[in-house]
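Enquirer: Sequence and predicted model, in that order:
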Amino acid sequence: MAILITGGAGYIGSHTSVELLNAGYEVILLDNFSNSKPESLQRIKEISSKDFKFYEVDLLNRNNVEQVFLNNHIEAVIHFAGLKAVGESVSIPLHYYHNNLTGTLILCDVMKKYGVKNLVFSSSATVYGVPDQVPIKENFPLSATNPYGHTKLMIEEILRNLYVADNDWSIALLRYFNPIGAHESGRIGEDPNGIPNNLMPYITQVAVGKLNELQVFGNDYPTIDGTGVRDYIHVVDLALGHLKALEKVMFSNGIMAYNLGTGTGYSVLEIVAAFEKVTGKKVPYRIVDRRTGDIAICYADPSKAKDKLGWVAERGIEVMCQDSWRWQEKNPMGYESKVMI
């Protein structure tokens, strides 16, 4: 029996695939390469020394999705696939709603048809909107400030309705905060298309000379230095959280949400300073206007994941910066690079 990973070639999907393979799981990866590269698949195999099936499939194509289920014995699904840029979602909301919602509806309908009712869903801390207080607990009110966040919120509600209608389903909603870092080998990491939407790849691309300067979106927030504060989590810790959630859904029924974060918030400028300290690389930056849909402060209370899943984030901010830089330095042009030794 295999675990299907949608979006398995992407940043978080690739790291989770490595950890699942290392733990002895059989995995099947599905991706349409809209925000990922085929090269990551080879690197997953290299790191894990294991092979796996891969399907280049878009979740919007129901017939192709059905073929994956028809030709394999799938026991559970980890669902990463989806568009994920906050700013872009504000510009092209209909595209985000169609892709993220319709893709998930098709996936769940096919899962139901083939009797696969174990699901780990890649949600987001954006479902908390603008929280009244921090740290953020799973029982806080839910809302969203941008179309991307709304798609995550709506999918969570769809999955809750799905469980109410059929209690055989077992679903984990993983609300993760801000993943950064890379595998310690430097062989897989975050390789966004175009100018990065996320902070760390923006920083590393400036440090490697691919971009001239970092744009800091706003310095007038009510924070320690006026820049936005986020809970940054190492992508390998996040991947291990998916393993724990998978174990949970395989052996219990129900639907439960879990925060995956460290419980510590860092501002943009604190991250820049930590990166410069660890790497010795200067990161020039320029303050620009706030980005539509952004909030001031967001960090997790991760105690529920510790209590219910036995999961704790272990890697600190310096390791996150070191591993991010190792990936970028070895792969200055991302997966298209000739690897630097």
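Expert: Here it is on my side, so go on.
Enquirer: and the lowest-mean-pLDDT helix or strand in the chain, C-alpha only, in CSV?
Expert: Between all helices and strands in the chain, the lowest mean by mean pLDDT, DSSP states H and E belongs to helix 86-91, at a mean of 89. Written as CSV, here are the backbone C-alpha positions of helix 86-91 (Å, rounded to 0.1, in the frame of the first residue of the first chain):
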residue,chain,number,x,y,z
VAL,A,86,-0.5,35.6,-1.4
GLY,A,87,0.2,38.6,-3.7
GLU,A,88,-0.5,36.8,-6.9
SER,A,89,-3.8,35.5,-5.4
VAL,A,90,-5.0,39.1,-4.9
SER,A,91,-4.2,39.8,-8.6
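Enquirer: residues of it that come out buried?
Expert: Within helix 86-91, the residues that count as buried by 16 or more other C-beta atoms under 10 Å are Val86, Glu88, Ser89, Val90. Any C-beta I mention is one placed from the backbone N, CA and C, and that applies to glycine too.
Enquirer: I figured the first one hits Asp294, correct?
Expert: Yes - Val86 is within contact range of Asp294, at 7.2 Å (criterion: C-beta atoms under 8 Å).
Enquirer: Quick check: Glu108 touching Leu162?
Expert: In this structure residue 108 is Cys, not Glu. Yes - using C-beta under 8 Å, Cys108 and Leu162 qualify as a contacting pair, with a distance of 6.3 Å.
Enquirer: Counting neighbours, go ahead and name the busier of the two.
Expert: Shown here are Cys108 and Leu162; by other C-beta atoms under 10 Å, Cys108 has more neighbours (22 against 19).
Enquirer: re the thing from before, what residues of the next helix or strand after the least confident helix or strand of the chain count as buried?
Expert: Going down the chain from helix 86-91, the next helix or strand is helix 93-96, by DSSP states H and E. Buried residues in helix 93-96, counting neighbours by 16+ other C-beta under 10 Å, are found at Tyr96.
Enquirer: average pLDDT for stretch 206-226?
Expert: Here stretch 206-226 scores 96 as its mean pLDDT.
Enquirer: Tell me the buried residues in it?
Expert: Val206, Ala207, Lys210, Leu211, Leu214, Val216, Phe217, Gly218, Asn219, Tyr221, Thr223, Gly226.
Enquirer: residues in contact with the nearest residue to the fifth one once chain neighbours are set aside?
Expert: Nearest non-adjacent residue to Leu214, counting by C-beta to C-beta, 6 or more residues apart in numbering: Tyr285, 4.0 Å away. Contacts were defined as C-beta atoms under 8 Å, 6 or more residues apart in numbering; by that measure Tyr285 touches Val206, Glu213, Leu214, Gln215, Val216, Leu269, Val272.
Enquirer: Restricted to strands, list these.
Expert: Mapping the contacts of Tyr285 onto strands (DSSP state E) picks out Leu214, Gln215, Val216.
Enquirer: Quickly name whichever of the residues you listed is closest to Ile136.
Expert: Comparing these against Ile136 with C-beta to C-beta places Val216 closest, at 23.1 Å.
Enquirer: tell me the contacts of the closest one?
Expert: The neighbourhood of Val216, defined by C-beta under 8 Å, 6+ apart, consists of Thr227, Val268, Leu269, Tyr285, Arg286, Ile287, Val288.
Enquirer: Could you do Glu247 as well?
Expert: Contacts here follow C-beta under 8 Å, 6+ apart; on that basis Glu247 touches Leu309.
Enquirer: Three-state assignment for it, please.
Expert: For Glu247, the assignment made with DSSP: H, G, I helix; E, B strand; the rest coil gives helix.
Enquirer: ok, now how distant is it from Asn161?
Expert: Distance, Glu247 to Asn161, using C-beta to C-beta, to the nearest Å: 25 Å.
Enquirer: and the buried residues of stretch 206-226, which of them are in helices?
Expert: Mapping the buried residues of stretch 206-226 onto helices (DSSP state H) picks out Val206, Ala207.
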